[in-house]
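A.B. asks: Return atomic coordinates for the entry below.
(one chain, ligands or ions: 1)
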Amino acid sequence: MDKKGRSNSSVMLGEQAVNRGAGGETHQTADAGYDTLTTQQGTPVSDDQNTLRQGARGPALMEDAHFREKIFHFDHERIPERVVHARGYGAHGFFETYEPLTDLTRADIFQRAGEKTPVFVRFSTVAGNKGSADLARDVRGFAVKFYTKEGNWDLVGNNIPVFFIQDAINFPDLVHSVKQEPDRDFPQAQSAHDNFWDFVSLMPESMHMIMWVMSDRAIPRSFRFMEGFGVHTFRLVNAEGQSTFVKFHWKPKLGMQSVVWNEAVKINGADPDFHRRDLWNAIQSGDYPEWELGLQTFDQEFADSFDFDILDATKLIPEDVLPVTPVGRLVLDRMPENFFAETEQVAFMTQNVVPGIDFSNDPLLQGRNFSYLDTQIKRLGGPNFAHLPINAPKCPFHHFQQDGHMAFTNPKGRANYEPNSWGTEIGGPREAPMQGFQTIAQEAEGPKVRLRAESFADHYSQARQFYRSQTSVEQKHIGAALVFELSNCETLAIRERVVSHLLNIDTDLAQTVATGLGLGALPKAAPPAAKPKMDLKPSDALSILKNGPKQFKGRKLGILITDGVDTGLLKAVETAATEAGATVERIAPTVGGVKASDGTHLPAHRKIDGGPSVLFDAVAILVSEAGVAALLKLPPARDFVADAYAHYKFCGFTQTAMPLFAKAGLPKELDKGFVKLAQPADAKGFVQACAALRFWDRPDGA
Ligand code: HEM
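C.D. replies: Numbering: from 1, shown residues only. Got it, this is the predicted structure:
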């Protein structure tokens, strides 16, 4: 008992020595190198387990300032989630410039070879709420904040180079339509419902984007394996004030990769945090993901000769028409210390450009330039969100903006206005006519009108080009995705309306979807606003599979083991995989591990129920005869194999695995995606085969 009548006995909870209070509650005290717990005011706290009360069993007292402060703060922990892109995950890193781009731009970041600029990147899904699952079929945000020496430049892009709509005035309607339906508040994080398809089928300009969103681009395997795009046409402006149009591209060094839909559905159950865990694990283990920044630059002459309007965000410029030139690399090498302070409070804004980078008249971009500042004020609670460390520039900054909620970097001294005559000591900052940001002096005249340019009216040609640029596997996935989504629409007229658009894109696709939906007859093609160009050349760069990475680096191998596993073989497979730059996890009937053939104990990473094969890029089944007999009784073990097969995965196996394959319904004649591991020397060949990532020749895959 201490002098206040409190018991203070010391007990061991596992390996933790703690103090036990009179009521049996746990106390940990600030001895042995721990900081002292304090209130927000810095007052040391003596007891964080008991409210102040009148006697041990009496009422709580209002006087308990520590209790009130703790609960008040907890009550206010949430801020509004982003109105779109609510679920996201960020990381710090740097951008390294390859060569000076002085001809093109005066942007400080592009003036010196080898210049390293700190960045913060946030990846996101668009439609789902903050707590939704990572593998939703959705666009992924790819937002980059460059902390340059002349201010913050935000490149707020997506993993898809085009957008649903052409004019920002439609954005609230687009977002309302895709989010939960307002009467029932579902479905969450998916576009497979009437409102979305109703809206887009009445907005044919969305059809190109629809092709992308129904493709595997919308179910990436990892943030690390996806491209990014600035989407709009921007401008680069050099020191002479000459402007060049530009489109920004991010290309992942590890290559692109997506999952298949049946896999996505299962990953969402097995690990809703699949993408964030992947990024966390990669960065924490020192396997830093990298992208190259590429530019497509062009002048007015090219813009005038191009088939489509370069101000139309539903169109792209194919790489075959205008190649992408790499100008630097982005490396993500540090996770935030605190998710909320950094990833949640980061405020990206398209209007954050720096001298040397400017906007085009793209009406979507122009509208975004209003929206982001506006939304940050609401979401972050006032005008001083730029004071937060994650949003503040890392270069010197001086201005006369002051006060407001949570101001903590107000200008110092007497002068808080300009012009003033207070001199250099206290007069504060002044304009920099030459160095400062200057908007390109573009001529503009004409009547004030609410009018869309006729050059925006072609809605189908690039949708067709995208579809026809895909491999047959990818085309099949697009068809299946459309059938899945539209099958979830209750209204027949909406399903038919979508097919009426598909008829303007590709008749085979329209027929596949109509058949998949069980439509009796094809509807009439929708009347196009402008005659589609049927002869645009397919572009290989639009396909994921035509650009296969042909490497297993950065990927993950799951090895199912049992008691009696051959240690030599297991080690050989693990070594071959890690030498190829992959990571390995062992899955076993219990997480405690297995007893190997040579008697050694081998720990496991996951129990079979928690380690389904959907979490891995390839699998190996290394089991003993006795071990496999036990696995036959475990449904997750059968699913492990059946799913790996259905998802076209490469599978290394010992002959002893055959009964499990039979139980899982695999064909007797295994295809070449199954690689027998009879001896350690076979491991290398298996891992080499895995570099193809999927064995697509499997006819009965998902
Ligand atoms: C090319 C079209 C677009 C792209 C690529 C895009 C991209 C993004 C990205 C990546 C984010 C998430 C930023 C983050 O991680 O914090 C975001 C958020 C947001 N976007 Fe867009 N967006 C587009 C169109 C629009 C339009 C047209 C509007 C409105 C007119 C808009 C309004 C917003 C808003 C309000 C947020 C939430 C920002 C926040 O709360 O921090 N976006 N957008």
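A.B. asks: Show me what the helix or strand Asp304 falls within is packed against.
C.D. replies: Secondary structure here is read from DSSP states H and E; on that basis Asp304 sits in helix 300-305. Contacting helix 300-305 under the criterion 3 or more C-beta pairs under 8 Å, 6 or more residues apart in numbering; DSSP states H and E are the following elements: strand 243-252. (Each C-beta comes from the backbone N, C-alpha and C, glycine too.)
A.B. asks: pLDDT on the strand it packs on, on average?
C.D. replies: Strand 243-252 shows a mean pLDDT of 98 in the predicted model.
A.B. asks: That one pairs with which strands?
C.D. replies: Strand 243-252 sits in its sheet next to strand 228-229 (antiparallel), strand 234-237 (antiparallel), strand 290-298 (antiparallel), going by DSSP bridges.
A.B. asks: Can you say which of those strands is nearest to the ligand?
C.D. replies: Comparing the strands paired with strand 243-252 by their distance to the ligand (C-beta to the nearest ligand atom), the top pick is strand 228-229, with 7.5 Å.
A.B. asks: centre of the chain versus the closest one, how much separation?
C.D. replies: Strand 228-229 has its C-alpha centroid displaced from the chain centroid by 11 Å (C-alpha atoms, centre = their mean, to the nearest Å).
A.B. asks: what's that strand in contact with?
C.D. replies: Judged by C-beta atoms under 8 Å, 6 or more residues apart in numbering, the contacts made with strand 228-229 from elsewhere in the structure are 142, 144, 157-161, 247-250, 291.
A.B. asks: ditto for stretch 122-136
C.D. replies: Counting by C-beta under 8 Å, 6+ apart, residues outside stretch 122-136 touching it are 81-82, 84-90, 138-143, 175, 178-179, 188-191, 219, 223, 259, 264-265, 267-268, 271-276, 279, 343, 346, 348.
A.B. asks: Contacts (any at all) between the ligand and it?
C.D. replies: Yes: contact between stretch 122-136 and the ligand is present through 122, 124 (criterion: C-beta under 6 Å from any ligand atom).
A.B. asks: Mind listing what's buried along that stretch?
C.D. replies: Neighbour counts over stretch 122-136 (16 or more other C-beta atoms under 10 Å) mark 122-128, 132-136 as buried.
A.B. asks: do stretch 421-436 as well
C.D. replies: Under the neighbour-count criterion of 16+ other C-beta under 10 Å, stretch 421-436 has Gly428 buried.
A.B. asks: what about that stretch, average pLDDT?
C.D. replies: Within the predicted structure, the mean pLDDT of stretch 421-436 is 94.
A.B. asks: all helices for the stretch 201-350 of the chain, in order.
C.D. replies: According to DSSP state H, counting those that start in this stretch, the stretch 201-350 of the chain carries its helices in the segments 207-213, 261-270, 274-284, 300-305, 339.
A.B. asks: hey, which of these is tucked in deepest?
C.D. replies: helix 207-213 (a mean of 26; mean count of other C-beta atoms under 10 Å).
A.B. asks: still on that earlier bit, so can I have CSV of the helices of the stretch 201-350 of the chain showing mean pLDDT and distance to Asp682?
C.D. replies: Formatted as CSV, the entries for the helices of the stretch 201-350 of the chain read as follows, by pLDDT from 0 to 100; distance: least, C-beta to C-beta, whole Å:
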stretch, mean pLDDT, distance to Asp682
helix 207-213, 98, 40
helix 261-270, 98, 26
helix 274-284, 98, 28
helix 300-305, 98, 53
helix 339, 98, 43
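A.B. asks: out of the ones you listed, nearest to Ala525?
C.D. replies: Of all the helices of the stretch 201-350 of the chain, helix 207-213 sits nearest to Ala525, with 12.2 Å by C-beta to C-beta.
A.B. asks: That closest one close to the ligand?
C.D. replies: No: judged by C-beta under 6 Å from any ligand atom, helix 207-213 and the ligand are separated, with a smallest distance of 9.6 Å.
A.B. asks: counting contacts, what elements does that helix pack onto?
C.D. replies: Contact analysis of helix 207-213 by 3+ C-beta pairs under 8 Å, 6+ apart lists helix 461-468 as its packing neighbours.
A.B. asks: just checking, next helix/strand downstream of the helix it packs on?
C.D. replies: Per DSSP H and E, the first helix or strand lying C-terminal to helix 461-468 is helix 472-487.
A.B. asks: how distant is that next one from the center of its chain?
C.D. replies: Centroid separation between helix 472-487 and its chain, computed with C-alpha atoms, centre = their mean, is 22 Å.
A.B. asks: same question, stretch 581-600
C.D. replies: Relative to the centre of its chain, stretch 581-600 is centred 31 Å away, using C-alpha atoms, centre = their mean.
A.B. asks: And it, what's buried?
C.D. replies: Burial within stretch 581-600, assessed by neighbour count using 16+ other C-beta under 10 Å, is assigned to 582-584, 586-589, 591, 593-594, 596.
A.B. asks: Out of these, give me the two with the largest separation.
C.D. replies: Largest separation among those by C-beta to C-beta: Ala582 and Pro589, giving 23.7 Å.
A.B. asks: Let me know the distance separating Ser191 from Thr125.
C.D. replies: Counting by C-beta to C-beta, to the nearest Å, the gap between Ser191 and Thr125 amounts to 11 Å.
A.B. asks: if I look at these two, which residues touch both of them?
C.D. replies: Looking at what touches both Ser191 and Thr125 (by C-beta under 8 Å, 6+ apart), the common residues are Asp138.
A.B. asks: Tell me which of the buried residues of stretch 122-136 fall in strands.
C.D. replies: Among the buried residues of stretch 122-136, the members falling in strands (DSSP state E) are 122-125.
A.B. asks: His405 versus the closest residue to the ligand within the stretch 551-700 of the chain, what's the distance?
C.D. replies: Minimum separation of the stretch 551-700 of the chain from the ligand (C-beta to the nearest ligand atom) falls at Gly554, amounting to 22.7 Å. Using C-beta to C-beta, one gets 43 Å for the distance from Gly554 to His405.
A.B. asks: Now do the same for the residue of the stretch 1-150 of the chain found nearest the ligand: its pLDDT.
C.D. replies: Distances between the stretch 1-150 of the chain and the ligand by C-beta to the nearest ligand atom are smallest at Gly141, namely 2.8 Å. According to the prediction, Gly141 has pLDDT 98.
A.B. asks: Just say helix, strand or coil for it.
C.D. replies: Going by DSSP: H, G, I helix; E, B strand; the rest coil, the secondary structure assigned to Gly141 is strand.
A.B. asks: Let me see the contact set for Gly23.
C.D. replies: The contact partners of Gly23, by C-beta under 8 Å, 6+ apart, come to 50, 56.
A.B. asks: Spatially, what comes nearest to the most centrally placed residue in the chain if we skip its sequence neighbours?
C.D. replies: When the chain is reduced to its mean C-alpha position, the nearest residue by C-alpha atoms, centre = their mean turns out to be Phe123, at 3.6 Å. Nearest non-adjacent residue to Phe123, counting by C-beta to C-beta, 6 or more residues apart in numbering: Phe223, 4.3 Å away.
A.B. asks: just checking, that neighbour touches Trp280?
C.D. replies: No: in this structure, Phe223 sits apart from Trp280 without contact. The criterion is C-beta atoms under 8 Å, and the distance is 10.6 Å.
A.B. asks: residues shared between the contacts of those two?
C.D. replies: With contacts defined as C-beta under 8 Å, 6+ apart, the residues adjacent to both Phe223 and Trp280 are Tyr89.
A.B. asks: residues touching the closest residue to Val45 other than its chain neighbours, list them.
C.D. replies: Nearest-residue entry for Val45: Leu37, 4.5 Å, with adjacent residues in sequence omitted and distances by C-beta to C-beta, 6+ apart. Residues touching Leu37, when contacts are defined by C-beta under 8 Å, 6+ apart, comprise 30, 44-45, 48.
A.B. asks: Next to the ligand, which bits of the stretch 151-300 of the chain? Give me the list.
C.D. replies: That would be 156-158, 163, 168, 171, 231, which are the residues of the stretch 151-300 of the chain within reach of the ligand (C-beta under 6 Å from any ligand atom).
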